[in-house]
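# task: produce atomic coordinates for the following.
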Amino acid sequence: MISRGPTVAMQSSTAQYCIMPRFAPLMLILLLAVAEVRAENWPSWRGPDRNGVVPSDELPIRWSESENLAWKVALPGETGSTPIVWGDRIFLTSSKSTDFVLWCIGIDGKLLWERPLAKEIAPAGPKDEAREGVASPSTDGKHVYTLVYSGEVACHDFQGREIWKFNAQERYGKFDILHGVHNSPLLHGDCLYLALLHSNGRWVIALDKATGKEIWKIDRKSDAVNISREAYASPCLWNDGARMILVVTGCDYATGHRLDDGSEIWRLGDLNPKANYNAAMQFISTPVGTREMLLVPTTRGGIVVAVKPGARGLIESGSPFELWRLNRGSPEVPSPLLEGELVYLLRDDGVLQCLDARTGHEVYLHRLAGDRYRASPILAAGRIYLIARGGTTSVVKAGRKFELLGANTLDDNFTTSPAAANGRLYLRGFRSLYAIGDAPKPGH
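From the prediction side, this is the model:
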């Protein structure tokens, strides 16, 4: 274990408000109500802030097929997308025979409705990880937005009525990507953002969430070659303290874009250095940020960079806009986790690396249960949940010293990131959806 240097506390991304004293009691009530709503919902992949952090709930530490399992529901097919939760409803996409469907399940585990999304078209490549339909849905509490790898982008209301739908391949060109387009759409404000990065086009797109109509589209330039022109990382948002930035990674670069027109603010390079170029580097792991830094992974043990707020223009190795850079250590698939003054990187082989967020120096390195790891970790009440493909979830105490709190196994295969709401953990296996923990409080 290595411990180096002082650390710095990372600030919350929550906006600061200036409130007149006579309005303070009312505002406090409103803020508490908002906090309660946030705690109940998991509206997108990686949660309400898209960073894998559960806002307030404690989650179970121990469970099994016979302990602390509220219910499990058999799924119609193997699919890798994360379920989302809003109030008393769970939404997920799934393959089903030759179709792709959207399911709405109650938090009691009962199927409420099913709607068709597309005819299934199997992507090329291995099929041992439920790769079909890896893009996760998202919701604003009124509508559910989905993308499946055949290109259908759709919006449904909570009763299952289709509001709009189109095929992205028909609108933006045929997908040319080894394992299919699986980048989860990003819902923010009145827009739904898509990143379609493949060998036949590199588009970043903003859609009107009410109609599905295009607001803007940019051609994201790249000099990547071969299958490095393909990317699987999802777009994310970074509030750097001055503004909200749309971040897109893949095709040898990470880029920051303005939300209003998609124009580039900055471009991070030297992620696939020309001196030792890897023509098969397909970015998979997705960035995560705080107001102090944006953590940009690549894939397969590659480069990891911490970008400073205020970045602009072309950022290369050694740039003053870099907080630090590691030449190796990026996870292959799992996205990083930022917790306070620490960074957690989960490698494909189950090695958990903890870094000092200010310096990038290693704090510890520990191997979890031997297996393959594809799901991104989540954090709840100081506990980190890390799911292995073979069904074992390690619960680790957050902090500068590795401490295993529990290791729990279910008889299934898991490549999907977990969801959490109302004190429950929802785990999607190849065969079943599992609800871990007690029933939600009455009235929820």
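# please enumerate the helices of the stretch 151-300 of the chain.
168-172 (DSSP state H, counting those that start in this stretch).
# tell me where the stretch 301-444 of the chain has strands.
304-307, 313-315, 322-326, 337-339, 342-346, 351-356, 362-367, 378-380, 383-387, 392-397, 404-409, 419-421, 424-428, 432-436 (DSSP state E, counting those that start in this stretch).
# as JSON lines, the ones you listed with mean pLDDT, mean neighbour count and distance to residue 98 would be great.
Backbone N, C-alpha and C define where each C-beta goes, glycine included. Formatted as JSON lines, those follow (pLDDT from 0 to 100; neighbours: other CB atoms under 10 Å; distance: least, CB to CB, whole Å):
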{"stretch": "strand 304-307", "mean pLDDT": "98", "mean neighbour count": "26", "distance to residue 98": "41"}
{"stretch": "strand 313-315", "mean pLDDT": "97", "mean neighbour count": "16", "distance to residue 98": "46"}
{"stretch": "strand 322-326", "mean pLDDT": "97", "mean neighbour count": "18", "distance to residue 98": "44"}
{"stretch": "strand 337-339", "mean pLDDT": "92", "mean neighbour count": "23", "distance to residue 98": "37"}
{"stretch": "strand 342-346", "mean pLDDT": "97", "mean neighbour count": "23", "distance to residue 98": "35"}
{"stretch": "strand 351-356", "mean pLDDT": "97", "mean neighbour count": "22", "distance to residue 98": "39"}
{"stretch": "strand 362-367", "mean pLDDT": "97", "mean neighbour count": "16", "distance to residue 98": "41"}
{"stretch": "strand 378-380", "mean pLDDT": "96", "mean neighbour count": "23", "distance to residue 98": "33"}
{"stretch": "strand 383-387", "mean pLDDT": "97", "mean neighbour count": "25", "distance to residue 98": "29"}
{"stretch": "strand 392-397", "mean pLDDT": "97", "mean neighbour count": "20", "distance to residue 98": "32"}
{"stretch": "strand 404-409", "mean pLDDT": "96", "mean neighbour count": "15", "distance to residue 98": "33"}
{"stretch": "strand 419-421", "mean pLDDT": "96", "mean neighbour count": "27", "distance to residue 98": "27"}
{"stretch": "strand 424-428", "mean pLDDT": "96", "mean neighbour count": "25", "distance to residue 98": "21"}
{"stretch": "strand 432-436", "mean pLDDT": "98", "mean neighbour count": "22", "distance to residue 98": "21"}
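# in JSON lines: these, plus distance to residue 106.
Formatted as JSON lines, these follow (distance: least, CB to CB, whole Å):
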{"stretch": "strand 304-307", "distance to residue 106": "40"}
{"stretch": "strand 313-315", "distance to residue 106": "47"}
{"stretch": "strand 322-326", "distance to residue 106": "44"}
{"stretch": "strand 337-339", "distance to residue 106": "30"}
{"stretch": "strand 342-346", "distance to residue 106": "32"}
{"stretch": "strand 351-356", "distance to residue 106": "35"}
{"stretch": "strand 362-367", "distance to residue 106": "39"}
{"stretch": "strand 378-380", "distance to residue 106": "23"}
{"stretch": "strand 383-387", "distance to residue 106": "24"}
{"stretch": "strand 392-397", "distance to residue 106": "24"}
{"stretch": "strand 404-409", "distance to residue 106": "24"}
{"stretch": "strand 419-421", "distance to residue 106": "13"}
{"stretch": "strand 424-428", "distance to residue 106": "13"}
{"stretch": "strand 432-436", "distance to residue 106": "11"}
